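In: what's the 3D shape of this:
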Amino acid sequence: MTDLFSARAEDLALQGAPLATRMRPRRIDEVVGQPALLGPNSAFRRIVESGRPVSMLLWGPPGTGKTTLARLVASHADAEFATLSATSAGVKDVREILQRARERLMTQERRTVLFLDEIHRFAKNQQDALLPGVEDGTVTLIGATTENPFFEVNTPLMSRMTLFRLEPLAPEDLRKLVETALTDTERGLGSAGLTISDEAAEELGVRTGGDARQALNSLEVAARMAEAAGRKEISLEDVAEALQRRIVRYDRAGDSHYDVISAFIKSVRGSDPDAALYWLFFMLEGGEDPEFIARRLIILASEDIGMADSNGIQVAVAASEALAYVGLPEAAYHLAHATIYLATAPKSNSVGRAMSAARRSVQEGPTPSVPTHLRSTGYSGAEQLGHGKGYDYPHDHPEGVVEQQYFPDGVPAEAFYRPSEHGEEAEVIERLKETDPVLKRRRD
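Out: This is a model prediction of the structure:
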């Protein structure tokens, strides 16, 4: 009787659930997208269909099917599906669920699949509490994370799990979901007899960022709007109203933070101002700290442009100062200004190469001793020590340069700086052609 009441309660709860929950796939063939995971000969599909699951980590953006796939793993294995959320569970909860899993295994000979949502939010001691149950087979652990697990999941736990990566759903996959939801009379919106315009369906597919949950729940809101207006077709306006604004999938504290700033930097370095502007505003719309962006521009100005256009560092610093002075949203002009300037500037990494060469010489060479003629003479008694004796003042010579030793004793004079022929650095090459012969320096 209890099971009947529980089943009835579950059915009633499902009827009142959001559309995305009602439409959750019940079989692996109902899952759309993820061809790398669900292809006929894929490792993940073979594991699921074998009914002998392994502990695994599902890594991917929101709404890509992590919970659904975990449920299907348990279903194919005829295992109990237990869940924990890392945002609310503690070590005590972990130990209790492991104890129940042991009892279930002993009394019912039934295995347990433990689904841990947002595993990256578990502290080290909480992750460590899972280890014994995973190691002895008490549970098959399936962790879900939106963050790079190599940064967020403990190595001991990570080594006991197989990593599978999920990708955002393609617009055509989301459109298929939308069409299924509109025709499904059991769980979807089929009983309402609604259709959707091609433009509206395309908008849902594109503007929900590959998130099936967002697409289906936005569809449900748009459907309510169409019904309220007495229309049978969901319009582009209905979808736009349901969405309000594009969902920017950007987590400034997570893996996306590093990937997007990398794309931004590489676009500027690659002299593509349009792509650089795209990533700039992707970050700004996603809530990235604008000071972080400004700092990266300042670094980039010397790392990737450097001597080819020394004005680049001034533009980057000025953008940072403007940000501090006026703040967002107005300072977006200054960040965009600096981004365009640096992206279109001539490029040279000669500063970075010179730094590396000089650092290597210091690290690998002897402990230097400053030659006597280069030592400070700015204090009483320096002359008695012989400091500065023999120093030849360059300004006393018409060319402004004179041959003398500048490197420490025992350290060979080496050309660390090797300019490129880009931008202003081409002029530096001409100046070095005049000074290098005097200093007996070779840069070829």
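In: How far does the helix or strand where residue 114 lies sit from its chain's centre?
Out: Taking DSSP states H and E as the criterion, residue 114 maps to strand 112-117. Remark: strand 112-117 is offset 25 Å from the chain centroid, using C-alpha atoms, centre = their mean, to the nearest Å.
In: Walk me through which strands that strand pairs with, and which way each runs.
Out: Paired neighbours of strand 112-117 in the sheet (DSSP bridges): strand 80-85 (parallel), strand 139-145 (parallel).
In: Deepest-packed of those, please.
Out: strand 139-145 (a mean of 26; mean count of other C-beta atoms under 10 Å). C-betas here are computed from N, CA, C, even on glycine.
In: one step back: so the helix or strand following the strand holding residue 114 versus strand 80-85, what angle?
Out: Downstream of strand 112-117, the first helix or strand assigned by DSSP H and E is helix 124-135. Relative orientation of helix 124-135 versus strand 80-85 (axes from the mean of the first three to the mean of the last three C-alpha atoms, to 10 degrees): 170 degrees.
In: Out of the strands paired with strand 112-117, which gets nearest to residue 293?
Out: Smallest distance to residue 293 across those (C-beta to C-beta): 25.7 Å, for strand 139-145.
In: Give me the residues contacting that closest one.
Out: Identification of contacts with strand 139-145 by C-beta atoms under 8 Å, 6 or more residues apart in numbering yields 53-59, 66-67, 70, 73, 77, 79, 82, 97-98, 101, 111-120, 130, 133-134, 149, 152-153, 160-161.
In: Settle this for me: residue 180 is touching residue 187, isn't it.
Out: No - counting by C-beta atoms under 8 Å, residue 180 stays clear of residue 187, with 9.5 Å between them.
In: quick one: common contacting residues for the two?
Out: residue 23.
In: for residue 153, what are its contacts?
Out: 57, 119, 120, 127, 143, 145, 161.
In: same thing but at 7 Å, please
Out: 57, 119, 120, 127 (C-beta atoms under 7 Å, 6 or more residues apart in numbering).
In: Per-residue pLDDT of the closest residue to residue 382 other than its chain neighbours, please?
Out: The shortest distance from residue 382 to any non-neighbouring residue, by C-beta to C-beta, 6 or more residues apart in numbering, is to residue 376 (6.3 Å). Reading off the confidence values, residue 376 has pLDDT 84.
In: got it, and residue 307?
Out: For residue 307, pLDDT reads 92.
In: Let me see the contact set for the residue lying closest to it once chain neighbours are set aside.
Out: Spatially, and ignoring its direct neighbours in sequence, residue 307 is nearest to residue 425 (4.6 Å; C-beta to C-beta, 6+ apart). The contact partners of residue 425, by C-beta under 7 Å, 6+ apart, come to 307, 308, 348, 350, 419.
In: one step back: of the contacts of residue 153 - the most surrounded one?
Out: Most neighbours among these, by other C-beta atoms under 10 Å: residue 119, with 28 neighbours.
In: Give me the distance between the residue nearest to that residue when sequence neighbours are not counted and residue 421.
Out: Leaving aside its sequence neighbours, residue 119 sits nearest to residue 143 (C-beta to C-beta, 6+ apart; 3.5 Å). Separation of residue 143 from residue 421 (C-beta to C-beta, to the nearest Å): 52 Å.
In: ok, now residue 341?
Out: Taken as C-beta to C-beta, the span from residue 341 to residue 421 is 21 Å.
In: out of those two, which sits in the busier spot?
Out: Neighbour tally, residue 341 and residue 421, criterion other C-beta under 10 Å: the higher count belongs to residue 341, 22 against 11.
In: Now do the SS call for that one.
Out: helix (DSSP: H, G, I helix; E, B strand; the rest coil).
In: Could I get the contacting residues of it?
Out: Residue 341 touches 312, 315, counting by C-beta under 7 Å, 6+ apart.
In: Try it again at 10 Å.
Out: Applying C-beta atoms under 10 Å, 6 or more residues apart in numbering to residue 341 gives the contacts 268, 273, 297, 301, 305, 309, 311-312, 314-316, 318-319.
In: out of these, which are buried?
Out: Buried members of the contacts of residue 341, counted by 16 or more other C-beta atoms under 10 Å: 268, 273, 297, 301, 305, 309, 312, 315, 316, 319.
In: if we can go back for a sec, now the contacts of residue 341 in a markdown table, please, with extra columns for distance to residue 44.
Out: Shown next, in a markdown table, are the contacts of residue 341 (distance: C-beta to C-beta, whole Å):
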| residue | distance to residue 44 |
| --- | --- |
| 268 | 37 |
| 273 | 40 |
| 297 | 41 |
| 301 | 45 |
| 305 | 45 |
| 309 | 50 |
| 311 | 52 |
| 312 | 47 |
| 314 | 52 |
| 315 | 49 |
| 316 | 45 |
| 318 | 51 |
| 319 | 46 |
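In: Which of those residues fall in strands?
Out: Within those, no residue falls in strands by DSSP state E.
In: Look up which residues are beta-bridged to the residue nearest to residue 119.
Out: With DSSP bridges as the rule, residue 143 is bridged to residue 57, residue 116.
In: For residue 51, see how far away it is.
Out: Distance check for residue 143 against residue 51: by C-beta to C-beta, it reads 20 Å.
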